[in-house]
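S.K.: Next one to model:
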Amino acid sequence: MRIVVFGSTGRVGGSIVRQALDAGHEVAVYARPASVGRLPSGVELHVGELDDAEAIAKSIKHTDAVLSGLGPRRNTADQATMLVGAYGRICRAMAEAGVKRLVAISGSATRLPNEPVSFSRGLIRTIMKILGRHMLRANEAAAVEIMGTELDWVLVRPPRIADGGPTGNAVADLEATASMQISVGDVARFMLQAASSDTWIHKAPFVAAAP
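M.R.: Numbering: from 1, shown residues only. Down below sits the predicted model:
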C-alpha cells in the first residue's frame, strides 16, 4: 500500500511513518521545511507549508490513502482557521486525484454534530474547554470539514496519548472511550489498519487502551 502522511514529524504521524515502513508500505510524507531533518530514511519527501495547495496536491497523486496526524499546534483562536484550511486543501486534492481514504486524528473530547455526550465525556469536554478551548474548537471544526466531503473518511478519537510503542491492547468503540489513555504506537497502529479496512468508514471511533 502507498500512503501519504501529514503531520509526519509529530508524535502520532512519526509513529505512523515508522510502523508503515517496518510493514513494507510505500510511504510519502508532507513536511514543513523546518521539520525535514527529523524524518527517517526510506520515505518519499514532499516539502511545503499547509497553505500550499499546489504542493499538497502534488504529494497526494498516485497514492492509496492519506493518513493525518495534524492537529492544533497551540491553544490560540487562529488554530481552527489553520486546521480547517489545511484539511480543505487536502480533501480537495484527494477528490481531484481520485484518492478516497482519509484517516485523521482527532480527540476523545471532540463532539460531532448532533452527537449525544455521556457523563464521562462531558467531564472530558469540560476540562478541555477550560484548558484548551481553542484546540477543542479547532478539532471540531476540522471534523465538520472532513465529514462534509464524499471521501471514505475515518476520524480517530483517542484520549490522552502516552509514550510507547504498539501493544496490541487497544479497543475501539463508537459510544465511549474504554479508558483514559492509549500509547502513541497503538494510535498509529489503529490508523494504519483503518487505512485498508472498511470497518470504520464514515465513523469516528474512540480508541483507547483496554481496561
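
S.K.: By mean pLDDT, point me to the weakest helix or strand of the protein.
M.R.: Among the secondary structure pieces of the chain, namely its helices and strands, helix 119-147 has the lowest mean (mean pLDDT, DSSP states H and E), a mean of 93.

S.K.: Which neighbouring elements make contact with the helix or strand following it?
M.R.: The helix or strand immediately downstream of helix 119-147 is strand 152-156, counting by DSSP states H and E. For strand 152-156, the elements it packs on are strand 101-105, helix 119-147, helix 184-194, judged by 3 or more C-beta pairs under 8 Å, 6 or more residues apart in numbering; DSSP states H and E. C-beta here means a position set from N, CA and C on the backbone, and glycine is covered the same way.

S.K.: Tell me which residues touch the closest residue to residue 160 other than its chain neighbours, please.
M.R.: Closest residue to residue 160 in three dimensions, ignoring its sequence neighbours and counting by C-beta to C-beta, 6 or more residues apart in numbering: residue 181, at 4.3 Å. With contact taken as C-beta atoms under 8 Å, 6 or more residues apart in numbering, residue 181 is in contact with 159-162, 208-209.

S.K.: do the same with residue 45
M.R.: Taking C-beta under 8 Å, 6+ apart as the definition, contacts of residue 45 comprise 28-29, 31, 36, 39.

S.K.: Closest one of those to residue 18?
M.R.: Checking the contacts of residue 45 against residue 18 by C-beta to C-beta gives residue 39 as the nearest, at 10.3 Å.

S.K.: can you pull out the helices in this structure?
M.R.: Taking DSSP state H as the criterion, the chain contains helices spanning 11-22, 53-60, 79-97, 119-147, 184-194.

S.K.: Output those in TSV; the columns should cover distance to residue 109.
M.R.: Rendered in TSV, the data for the helices of the chain read as follows (distance: least, C-beta to C-beta, whole Å):
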stretch	distance to residue 109
helix 11-22	16
helix 53-60	27
helix 79-97	14
helix 119-147	4
helix 184-194	15
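
S.K.: highest average neighbour count across those?
M.R.: Each of the helices of the chain was scored by mean neighbour count; the highest is helix 184-194, a mean of 24, by mean count of other C-beta atoms under 10 Å.
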